[in-house]
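Whatever this is, show me its structure:
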Amino acid sequence: MQIYLVGGAVRDSLINYPSSENDWVVVGATPEQMTDLGYKPVGQDFPVFIHPKTGEEYALARTERKSGHGYKGFEFYTSTEVSLEEDLIRRDLTINAMAQDDEGHIIDPFDGQKDLAHKLLRHVSEAFTEDPLRVLRVARFAARYAHLGFTVAPETMELMKSIVAKGEMEFLVAERVWKETSRALAEQSPQVFFEVLKACNALEVLLPEVDALFGVPQRADYHPEIDTGIHTLMALKAATKLTDCEAIRFAVLVHDVGKAITPEDVLPSHSGHEKRGLPLVKAICDRLTVPNKHRQLAMSVTEFHLHCHRALELKPATLLKLFQSIGAIRSPDKLIDFITCCEADIKGRAGFEDAAYPSKDYLLAALEAVSQVDISDLVDQGVSGAEIGKQLNQRQIQHLTEFKTNNGI
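Numbering: from 1, shown residues only. Below is the predicted model of the structure:
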């Protein structure tokens, strides 16, 4: 029995990149031997075991054969005869097909170290095309390492295009698509994930609502970059400088999808795109089983981001309605997340990357003014039900009116 550290831990150690997980491959062992040593079996499709002390995963060396569509369409074979190289050749990228033995020696049969040096994401073999999930994985790795200069090898991009052209992406289950997308949103350059998917034609299959934004014009006085798709990715890039919150980044990604269905006769204006976008955002969230936190924020930002941009112009009653609609009065953090999304939208424009966003401090101060409203006297008077809600609303509007006056607005 021989045990090797494989995959991401080896890759990241060679480029001094943070890595939080260790994956291990065991060569020359049987499932019985593993359980006898105290490892706990967890794998269903192939033997994977949990180390009794570290909790890390140890997989028996295996080979695989395509037997159907999608990333689950494989038959796996494990045996004490399966070699380390046979296990490594089934992996997606050369930089993920390296191993390290217990003495620290690197086993690199497919030149992963060479591709690391050249900053290339390159497939290991033609078997790459058998698993459509690899399209998403390559795009995610591109997003993770883009800031280091990594790019997808041209020949690998061609294979990714062929996977899409064969219709394989349509067999991916929604939960797995969202898992890869959410992980990509957490990377340093999430916009690159969508750039790569666009380049290999996968974006049109997986997120047609976002793909449709490319080529849609906007008014140059508001958006010097003009193209709505380009603006979307610029806004997502801006969001990464403001927060590492995945929900915020997702909301920024989808906030303008309504512009893709703006009637051609009114372009490049997009009046009403906020309301038009709501059914599209809902469709994305339903299809990909997006978490409720992400959904709620995305819907709020889609519908009200222009309110945020024009915050100083809003009447007191409209301000209050905005706070109520996004749930800010009960949960002030929701306003902070909402504002962050809208700030990214403003900064995601050519020449506005460092623009100030006065709406932020203004809205936070306005919410603080609302929070000062006291209705204890109404409770003492026995006011209840709809009437207390009505009077609370009136007092909140009055506080916002005074707030605007005190701020010279």
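
Identify, by residue count, the longest helix of the protein.
Under DSSP state H, the helix in the chain containing the largest number of residues is helix 385-406.

For that one, which outside residues touch it?
If you take CB atoms under 8 Å, 6 or more residues apart in numbering as the criterion, helix 385-406 is touched by 316-317, 319-320, 365-366, 369-370, 372-373, 375, 378-379, 383. Every residue, glycine included, has its C-beta placed from N, CA and C.

Who wins on neighbours among those?
A366 (27 neighbours; other CB atoms under 10 Å).

Tell me the spacing between that one and Q372.
Separation of A366 from Q372 (CB to CB, to the nearest Å) stands at 11 Å.

all strands of the chain, in order?
For the chain, applying DSSP state E gives strands covering 2-6, 23-27, 40-41, 48-50, 57-60, 62-66, 74-78, 99-100, 106-107, 120-121, 151-152.

Tell me the helices and strands packed up against the third one.
Going back to what we said before, that points to strand 40-41. Using 3 or more CB pairs under 8 Å, 6 or more residues apart in numbering; DSSP states H and E, the elements in contact with strand 40-41 are helix 31-36, strand 48-50.

what's the closest non-adjacent residue to M1?
Spatially, and ignoring its direct neighbours in sequence, M1 is nearest to A29 (4.3 Å; CB to CB, 6 or more residues apart in numbering).

How is this structure partitioned into domains?
1-112, 369-406 (automatic domain parsing).

could you dump those to JSON lines with distance to V281 and mean pLDDT?
Below are those laid out as JSON lines (distance: least, CB to CB, whole Å; pLDDT from 0 to 100):
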{"stretch": "domain 1-112", "distance to V281": "26", "mean pLDDT": "87"}
{"stretch": "domain 369-406", "distance to V281": "27", "mean pLDDT": "89"}
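
mind checking which of those domains is nearest A260?
Taking CB to CB as the measure, those were each checked against A260, and domain 1-112 came out nearest at 27.8 Å.

Ends of that closest one, what's the gap?
Between the start and the finish of domain 1-112 there is a gap of 25 Å, counting by CA to CA, to the nearest Å.

Work out the gap between that domain and the centre of the chain.
Centroid separation between domain 1-112 and its chain, computed with CA atoms, centre = their mean, to the nearest Å, is 27 Å.

quick one, helices of the stretch 1-150 of the chain?
8-14, 31-36, 84-88, 112-118, 133-145 (DSSP state H, counting those that start in this stretch).

and the fourth one, what does it pack onto?
Here helix 112-118 is seen to pack against helix 8-14 when contacts are counted using 3+ CB pairs under 8 Å, 6+ apart.

for the helix it packs on, packing partners?
Counting contacts by 3+ CB pairs under 8 Å, 6+ apart, the secondary-structure elements packed against helix 8-14 are strand 99-100, helix 112-118.

which of these sits most buried?
Greatest average neighbour count among the helices and strands packed on helix 8-14 goes to strand 99-100 (a mean of 21), per mean count of other CB atoms under 10 Å.

partners of it, with directions?
Within its sheet, strand 99-100 is paired with strand 2-6 (antiparallel), strand 106-107 (antiparallel), according to DSSP bridges.

winner for burial among those strands?
When the strands paired with strand 99-100 are compared using mean count of other CB under 10 Å, strand 2-6 is most buried, at a mean of 19.

Need the contact partners of it.
22-28, 58, 84, 87-88, 98-102, 107.

hmm, which of the residues you listed are the buried ones?
22-28, 58, 84, 87-88, 98-100, 107 (16 or more other CB atoms under 10 Å).

Closest to H270 out of those?
Here the nearest of the buried ones among the contacts of strand 2-6 to H270, counting by CB to CB, is D23; it sits at 46.6 Å.

Does that closest one touch D12 like I think?
No. At 11.6 Å, D23 does not count as touching D12 under the criterion of CB atoms under 8 Å.

Next one: I226 from K198, what distance?
Between I226 and K198 the computed distance is 17 Å (CB to CB).

Show me the helices in the stretch 301-409 of the chain, by range?
Counting by DSSP H, counting those that start in this stretch, one finds helices in the stretch 301-409 of the chain at the ranges 316-326, 332-347, 359-371, 376-380, 385-406.

Export the shortest one to PDB, keeping only CA atoms.
These are the backbone C-alpha positions of helix 376-380, laid out as PDB (Å, rounded to 0.1, in the frame of the first residue of the first chain):
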ATOM      1  CA  SER A 376     -44.300  53.500  23.400                       C
ATOM      2  CA  ASP A 377     -46.800  56.200  24.100                       C
ATOM      3  CA  LEU A 378     -49.200  54.700  21.600                       C
ATOM      4  CA  VAL A 379     -48.800  51.300  23.300                       C
ATOM      5  CA  ASP A 380     -49.500  52.900  26.700                       C
END
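
Packing partners of it?
For helix 376-380, the packing partners by 3+ CB pairs under 8 Å, 6+ apart come out as helix 385-406.

Pull out the buried residues from the helix it packs on.
Of the residues in helix 385-406, those with enough neighbours to count as buried (16+ other CB under 10 Å) are 395-397, 399-400, 403-404.

Quickly name whichever of those is closest to T54.
Distances from T54 to these, taken by CB to CB, are shortest for Q396, at 54.7 Å.

how near is that closest one to Q324?
Q396 sits 9 Å away from Q324, taking CB to CB as the criterion.

Check E57 too.
For E57, the distance to Q324 under the criterion CB to CB works out to 47 Å.

So those two - more neighbours on which side?
When E57 and Q324 are compared on other CB under 10 Å, the one with more neighbours turns out to be E57, at 17 against 14.

For that one, give me its contacts.
Contacts here follow CB under 8 Å, 6+ apart; on that basis E57 touches 23-24, 42, 48-51.

Can I get the contacts of helix 385-406 in TSV including distance to H305?
What follows is the contacts of helix 385-406, written out as TSV (distance: CB to CB, whole Å):
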residue	distance to H305
P316	20
A317	19
L319	15
L320	18
A365	20
A366	17
A369	22
V370	20
Q372	27
V373	26
I375	31
L378	35
V379	36
V383	36
